[in-house]
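**Q** Just to be clear, the model below is a prediction. Sequence and coordinates:
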Amino acid sequence: MKLDRQQKFILLASTLASFLTPFMGSATNLALPAVARAFELSAVTLGWTVTAYLLTTAIFLVPVGRLADMVGRRQIFVAGISVFLAGTLFSGLAFSGGSLIVFRLIQGAGGAMIFATSIALLTSHFPPENRGRVLGINTAATYTGLSLGPVLGGLLVHYFGWRSVFFFSLVPGLLALSLVTRAYRHVPSPQEKSLAGFDVKGSAIYGLGLVCFMLGFSRWPAAYGFGLAAAGIALLVLFLFFEGRQPQPVLDTALFKKNRTFAFSNLAALINYSSTFAVSYLLSLYLQYIHGFSPRTAGLVLVAQPAVQALCSPAAGRASDRVEPRILASAGMGLTVVGLVALSFLNLETPLLWVVLGLVFLGTGFGLFSSPNTNAIMGSVEPKNYGVASATLATMRMVGQMFSLGLTMMIISVVMGNVRIVPENYPLFVKSLRLTLTVFAGLNFLGIFASLARKNRKNQDTLHFSDFSPDSGRDH
């Protein structure tokens with residue numbers, strides 16, 4: 001695969017950005033106990049330092065994806081890195097739990113811009129025959145970030161405190177910003193494009209619906225929690241009906257109605273992220289509280305999952321250019337179920353080897369799932385919808401992650417109550433963990449059928465990429 005100068009810089013910039021965001025998430029998980037001690041936060045409030053980032057990202061993803069298709073993907077990508085860096089800097093300077101949550105909201109807005117454009121940039125700059133390989137490299141960078149996050153995060157927290165995690169993350173972000181700027185140094189800026197017709201009302205309904213649902217979901221089983229969640233679901237249903245009647249919708253619902261591969265691939269992604277994201281959050285707390293590990297040691301244990309994912313993803317991406325993505329992705333979900341079932345048997349005295357084996361199954365499963373699933377989604381749409389397709393997939397990831405963490409917070413709230421994780425509450429915490437992982441295993445098992453339900457890939461690339469040229473979409 002020969003790359004020109006611009007392709008090299010774009011691949012490097014996108015890869016660094018894809019490394020940065022998961023690194024930030026996994027490293028932050030290792031810093032949570034230190035944050036809780038510093039600001040004296042309960043387990044539920046502590047969870048909101050993570051949920052705040054995910055919620056803002058999910059709110060902005062779909063609108064930003066449409067904006068990227070309208071005004072240019074590179075502009076949104078550059079703006080996203082800049083906003084993300086600002087939120088990261090402020091998070092490192094947080095003076096209370098509340099301020100940290102606010103700064104994580106800013107970070108999430110930047111993350112939305114990055115997620116909505118990085119895959120779209122790659123897809124528009126590389127021909128179909130190289131797409132699986134490039135997406136595999138990009139996915140491997142994501143899992144490398146997840147792998148190094150626990151290790152470097154643990155070391156940083158151990159030696160320099162939790163704030164150092166945020167300050168360290170500024171380095172790859174600044175490098176990515178420099179690379180993408182160099183990639184377009186000699187490329188004229190695209191002509192000013194009109195924002196007329198941008199669906200502001202639909203974006204507002206979508207954002208409000210997500211906020212209500214997640215706020216309500218995290219407050220179950222309180223009555224007002226059910227009410228808020230119900231209101232959120234109603235608003236999201238209204239959003240879908242509203243979008244179906246808009247001339248320029250922020251989310252083209254026809255992609256779900258008429259494109260079976262797109263619909264079921266996104267559903268599979270939603271289910272897979274819903275049933276896996278909170279595992280690292282739970283195990284980070286489990287290893288540090290129950291096993292008494294330091295953040296550094298816990299990070300070394302947790303690295304097993306993303307390290308295996310990083311090894312599997314490039315091979316899975318290349319294979320998805322030849323083998324049906326639905327077969328690879330479905331097999332991956334099956335292995336993920338095995339890992340979740342294994343971890344659902346954790347107790348106060350579980351050997352460390354059992355934890356590592358469960359993480360290896362999870363890593364292998366997710367590595368087989370992610371790249372082929374992304375390839376299937378991006379290969380099922382026309383170039384004009386790359387931004388929306390990339391943003392929709394990222395939205396499934398963010399909503400799934402929010403649901404995963406929200407379900408975890410709800411179960412912890414029901415089983416433990418709004419209390420700190422102290423020795424007398426350890427049995428209740430383990431009970432919460434086991435129940436959560438059992439639910440995740442059942443959910444992921446159902447996701448296998450969603451993955452298998454997508455269509456086989458026949459002449460999809462020929463049909464949708466017939467107008468591809470080396471310069472198509474370059475200014476986007």
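**A** Received it, and whenever you're ready, just let me know what you need.

**Q** Distance from the chain centre to whichever strand or helix holds residue 56, please.
**A** Using DSSP states H and E, residue 56 falls within helix 43-71. Chain-centre distance of helix 43-71: 10 Å, with C-alpha atoms, centre = their mean, to the nearest Å.

**Q** What of stretch 103-121?
**A** 10 Å.

**Q** What average pLDDT does that stretch get?
**A** Average pLDDT, stretch 103-121: 88.

**Q** Export it to CSV, keeping only CA atoms.
**A** The C-alpha trace of stretch 103-121 is given here as CSV (Å, rounded to 0.1, in the frame of the first residue of the first chain):
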residue,chain,number,x,y,z
PHE,A,103,-14.4,20.4,32.2
ARG,A,104,-15.0,16.8,31.1
LEU,A,105,-18.1,18.2,29.3
ILE,A,106,-15.9,20.5,27.3
GLN,A,107,-13.6,17.6,26.6
GLY,A,108,-16.5,15.6,25.4
ALA,A,109,-17.6,18.2,22.9
GLY,A,110,-14.1,18.1,21.3
GLY,A,111,-14.2,14.3,21.4
ALA,A,112,-17.5,14.4,19.4
MET,A,113,-15.8,16.4,16.6
ILE,A,114,-12.9,14.0,16.5
PHE,A,115,-15.1,10.9,16.5
ALA,A,116,-17.4,12.3,13.8
THR,A,117,-14.7,13.0,11.3
SER,A,118,-11.7,10.7,11.8
ILE,A,119,-13.1,7.6,10.1
ALA,A,120,-14.8,9.8,7.4
LEU,A,121,-11.5,11.4,6.6
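
**Q** Next, the buried residues of it.
**A** 103-121 (16 or more other C-beta atoms under 10 Å). The C-beta positions use only the backbone N, C-alpha and C, and glycine is treated the same way.

**Q** what about the residue nearest to residue 92 when sequence neighbours are not counted, which SS state?
**A** By the measure of C-beta to C-beta, 6 or more residues apart in numbering, the closest residue to residue 92 outside its immediate chain neighbours is residue 166, 3.3 Å from it. What DSSP: H, G, I helix; E, B strand; the rest coil gives for residue 166 is helix.

**Q** My read is that residue 166 contacts residue 89, right?
**A** Yes: here residue 166 reaches residue 89: they are 7.1 Å apart, a contact under C-beta atoms under 8 Å.

**Q** what's the distance between residue 124 and residue 265?
**A** Going from residue 124 to residue 265 by C-beta to C-beta, to the nearest Å gives 19 Å.

**Q** Give me the more crowded residue out of those two.
**A** residue 265 (32 against 23; other C-beta atoms under 10 Å).

**Q** Need the pLDDT of residue 29.
**A** 77.

**Q** before we move on, what about residue 43?
**A** The model reports residue 43 with a pLDDT of 74.

**Q** residues near it, how many?
**A** 22.

**Q** Return the distance of it relative to residue 50.
**A** On the measure of C-beta to C-beta, residue 43 and residue 50 end up 12 Å apart.

**Q** Then residue 156?
**A** 18 Å.

**Q** neighbours around the residue nearest to residue 35 when sequence neighbours are not counted, how many?
**A** Using C-beta to C-beta, 6+ apart and skipping residues adjacent in sequence, the residue nearest residue 35 is residue 162, 5.4 Å away. Number of residues near residue 162 (other C-beta under 10 Å) recorded here: 25.

**Q** Run through the residues that contact residue 162.
**A** 31, 34-35, 38 (C-beta atoms under 8 Å, 6 or more residues apart in numbering).
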